[in-house]
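Participant: quick one, what's the 3D model for this:
(chains A, B and C, ligands or ions: 2)
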Amino acid sequence: MTQHTVPPTVAEPASALVLDARDVAIHFGGVKAVDGVTMEIAEGKIFGLLGPNGSGKSTILAGITRLVPLKSGSLTFDGRPYDDVPTFKLARWGMARTFQTVRLLGDLTVEQNILLGADVGRSSGVSRRAAATERKECVADVIDRTGLAKFVKWTPSELSYGVQRRVEIARAIVMQPRLLLLDEPVAGMTKSEKLEIAALLSDLRAQGLTQLLVEHDVQMMVDTCDHLYAMNFGKLIGEGVPADVVKTPAVQEAYMGKGWRADA
Amino acid sequence: MQELINAVSLGCIYMLFAMGMSLVWGTLDVLNFAHGSIFMFSAFSGFYLMQETGNSLPLAALLLVGVVVGALMSVLAYQLVLRPILRRAKDKDSAERQILIGGIGLAGIPVAIVQIQTLSNPFSFRAGSFEVASYDFLGARISNIQIVIWVVGVLLGTAVVLWLRRSRSGLALRSIGVDSEVASLMGIDQGRLGVAAMAVAGGMAGLSGALLCVSFGALTAESGDVLLLKAFAIIILGGVGSMLGTIIGAFFLAGAETLLIANTSGTWVDAVSFGLLFLVLLVRPQGILGRQEVRRT
Amino acid sequence: MSAWYDAHLILVQATFISFLVALSIQFPMRMGVFSFAGVANYALGAYTAAIVVVRSDEIVSPVVSVGAGVLVAVVVSLILALIVRRLRGLYLAMATISVSLIVQVIAFNGGELTGGASGMFGVISDLTIGSVIVVCVVAAGILTWTERGTLGRRIDAVRDDPELAVSMGINVNRYRLVAFVGSGVFGSLAGGLEVLLRSTISPVNVGFSLVVTALTIIIVGGYRSWVGAAIGAVIVTWLPFYLQAMERYQQVIYGLFVVVAAIFVPGGLLGIADQARRRLVRRQLEHEDQEAAAEQDAGGAAVVDAVGASRKEEAR
Ligand SMILES: Nc1ncnc2c1ncn2[C@@H]1O[C@H](COP(=O)(O)OP(=O)(O)OP(=O)(O)O)[C@@H](O)[C@H]1O
Ligand SMILES: [Mg+2]
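Facilitator: Ligands and ions are numbered 1, 2, ... in the order given. All right, here's what the predicted structure looks like:
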């Protein structure tokens, strides 16, 4: 008989889930925009969320960031349940996001827009001055990596759509988040711009940033994500290895009209 | 009984005024802050004409002047101010804000003109050539003017409701209120319908101004502003875009105010509507009959 | 100089008081809170200060009487902020206009306490215009601080996109609360100081026309900065004086100003200045870009792209 040692009571959270969304339902009047979706976002990976228009992708992001109330379900961030934590606190906990539409402040320059993200008070116990220097370096680094150095003094309306989207992404990254939620970040970009962004996201993953990426571009999702969720009509219709998920009949059918085939 | 008669008369006037305001708010998304001063200025125009003609205008002419001036001012306000703002505003929120600000500026102009003309004194039609006669009605007094108000109120109230429910243009107008983009796609000419709606609203405001001036004695330059806030309370109580709600709200407020006047000195009467507005906004911002506003992100 | 000053004392006073009144609406507006409660706060500040002065047997220092008004207005503003916390935009604006008018009705019905329709007289104090100017300068200093750097950016976000602001970790509700309190402070200061300078107050002074005047100041000057309120206050106070013909039609012309500004220049004079400045900066940036592009054509694609986009904007 072997003597089993009792496991320590403060158990490691189950394989370090950054976000645990359980049976989430969000209704707008009679519309069941999200209807019982469970997502387990593990640390250091890029998770994808795929689905046709109106399937509830943006709505679940709004639910996760607590911009809309849940009908039912529970949310846990880094082991902390946050069902009644306001959005602004979540951002300070390290949840950053971009929106589906460009939401830059039109009166601020690109640099000021990005600084808005850097201002988020994530105290790391260091002195104010040290924090300020660190923040400055981070901003400079992100501006460089997103290729925005040339545009810092411009205002959003003076820039092309693709550049505006990059500013949005930069603003989220300078928050130095623990979890980055991206709602169709490359929509409307050119092919080469898309590839640049995909490379940037992969880079960030290599540095350990966990991400949830909502996107229509199936090819990009297959290439970029480690794990894919597929949704339709507010419900999950598939989950797993991206290349496999997109081949399942349910996903194929949901995307038929989009003219994309796994074998194409 | 006498209170009831007075309340119904006042309710009819509130209803005429508030229905027009609700009509353009619910369909064109325009809260016309100048609606109150249009009401006041239409009545003032009647008063002015009456003075110029040596008090020889019949009642019907006064009412007609009210309708015409009101409709004209309303259409002008829409074409020259409100519509350009809607067209130029960068998003829905700033459009809403600028419409309100522009409306407040607009409202100030007729008010200031009338203040100058009347030296801020009340004006009335009392010296008019028409006769005020009273009849016994179930033990209370009802005047011929009150009868006119009731008839006009019932006729116009029903007409507007029927217009919106039954006629082609009414339905088209309502579809703009539900979704103006879809409405344009369906080939609805929003410009012309908008002008029509503003004309109807302004005409009703002018008519109610003339009627109020005849029946309750006198108006001042500022009467319109107070009435505007009352109508806002009425519409909020009934629910934006709901004509039935507006009608109920108008009679409810008129009843409450009449009761207060009958039982107190009446100086608190304006606080009723403001208090009511406040209460409804807190408890049920969408009103008693209104639908919950859906905002897309 | 001194002769000029004596002759224009009333106008100088009016300018500074108008500036404070305008701030009571501009301050919340800059945070996206479209509230007209500033006028109610003006009334509260004025009546409280007047009551304190008239009721006490000894001479009361302006600090005490005006301070009492500020205290009352701040408490009322906090309660109001809690009550209307779910209202936005138009609904908030209309609700707060009604609050102002309710305060007016209360002043009218206040009997002996407020002097009813005829208001209060003989509010005597030793307040000088110098103190009023000091108050305004301090206010401007504090506001300048809120318009710069991190705080300035956050307030911009709270106003232009509250949903974005919360997603950036900004406690929007706290900013809204501050907006109401600020409106209480500025409004009641204006009311308290003015009643001590003029020694009378009556319900007509706190009615709808004050809403229009304050709005005119902000809309003409620009709502994005206290500087706009200052510009507006100067114009609205001094223009009627220099255009004698205007005097009679002053309110008519204010109305026209507001209408024209609402249609064509929603940012006011300050907005026009900002746009002009931005255009200069842009010309400079485009110039730099072209030079850079000429130097190295490789890698300049994105720049050309951006400049092209801005050209398109301009052509429209
Ligand atoms: N605020 C809202 N009020 C009412 N219904 C809403 C609201 N937001 C979304 N919906 C509805 O919920 C459903 C899901 O919308 P959602 O925006 O989440 O879709 P999506 O998957 O992000 O689509 P897309 O690819 O077009 O962005 C849709 O039917 C939409 O009409
Ligand atoms: Mg979406």
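Participant: for chain C, what spans make up the strands?
Facilitator: Read by DSSP state E, chain C holds no strands at all.
Participant: so which residue of chain A comes closest to chain B?
Facilitator: Closest residue of chain A to chain B, CB to the nearest CB: residue A:62 (6.6 Å). For every residue, glycine as well, the C-beta is placed using N, CA and C.
Participant: chain neighbours aside, what residue packs nearest to that residue?
Facilitator: Once flanking residues are discounted, residue A:62 sits nearest to residue A:68: 4.5 Å by CB to CB, 6 or more residues apart in numbering or on different chains.
Participant: helices and strands of chain B: which one bottoms out on pLDDT?
Facilitator: Of all helical and strand segments in chain B, the minimum by mean pLDDT, DSSP states H and E falls on helix B:180-185, at a mean of 73.
Participant: assumed residue A:40 was part of a strand.
Facilitator: Yes - per DSSP: H, G, I helix; E, B strand; the rest coil, residue A:40 lies within a strand segment.
Participant: what is the burial count for residue C:275?
Facilitator: By other CB atoms under 10 Å in any protein chain shown, 12 other residues sit near residue C:275.
Participant: pLDDT score assigned to residue B:264?
Facilitator: At residue B:264, the model reports a pLDDT of 80.
Participant: which SSE is immediately downstream of the helix or strand residue B:63 falls within?
Facilitator: If you go by DSSP states H and E, residue B:63 is part of helix B:59-77. As assigned by DSSP H and E, the chain's next helix or strand after helix B:59-77 is helix B:83-88.
Participant: and the strands in the stretch 51-200 of chain B?
Facilitator: B:123-124, B:134-137, B:140-143 (DSSP state E, counting those that start in this stretch).
Participant: so for the shortest one, mean pLDDT?
Facilitator: Confidence for strand B:123-124, expressed as mean pLDDT, is 85.
Participant: check stretch B:60-80 too.
Facilitator: 94.
Participant: same check on stretch A:252-264?
Facilitator: Stretch A:252-264 comes out at a mean pLDDT of 59.
Participant: just stretch B:219-232 next, same as before
Facilitator: For stretch B:219-232, the mean pLDDT works out to 89.
Participant: please see if the helix holding residue B:63 touches chain C.
Facilitator: No - applying CB under 8 Å from any CB of the partner chain, one finds helix B:59-77 separated from chain C by no less than 9.4 Å.
Participant: who touches that helix?
Facilitator: B:20, B:32, B:34-35, B:38-39, B:41-43, B:45-46, B:49-50, B:57, B:103, B:106, B:110, B:125, B:128, B:130, B:145, B:148, B:152, B:195, B:198-207, B:209-211, B:214 (CB atoms under 8 Å, 6 or more residues apart in numbering or on different chains).
Participant: again, only using 6 Å
Facilitator: Helix B:59-77 has contacts (CB atoms under 6 Å, 6 or more residues apart in numbering or on different chains) with B:34, B:38, B:42, B:45-46, B:49, B:106, B:130, B:195, B:198-199, B:201-203, B:205-207, B:209-210.
Participant: tell me, how many residues neighbour the residue of chain A closest to chain B?
Facilitator: Using other CB under 10 Å, residue A:62 has 23 other residues around it.
Participant: and what of residue A:234?
Facilitator: 23.
Participant: ok, it touching residue A:32?
Facilitator: Yes - shown here, residue A:234 and residue A:32 form a contact pair, counting by CB atoms under 6 Å, at 5.1 Å.
Participant: what ranges do the helices span in chain B?
Facilitator: Per DSSP state H, chain B carries helices over the ranges B:2-28, B:35-52, B:59-77, B:83-88, B:92-118, B:144-166, B:168-178, B:180-185, B:190-215, B:223-238, B:243-263, B:269-283.
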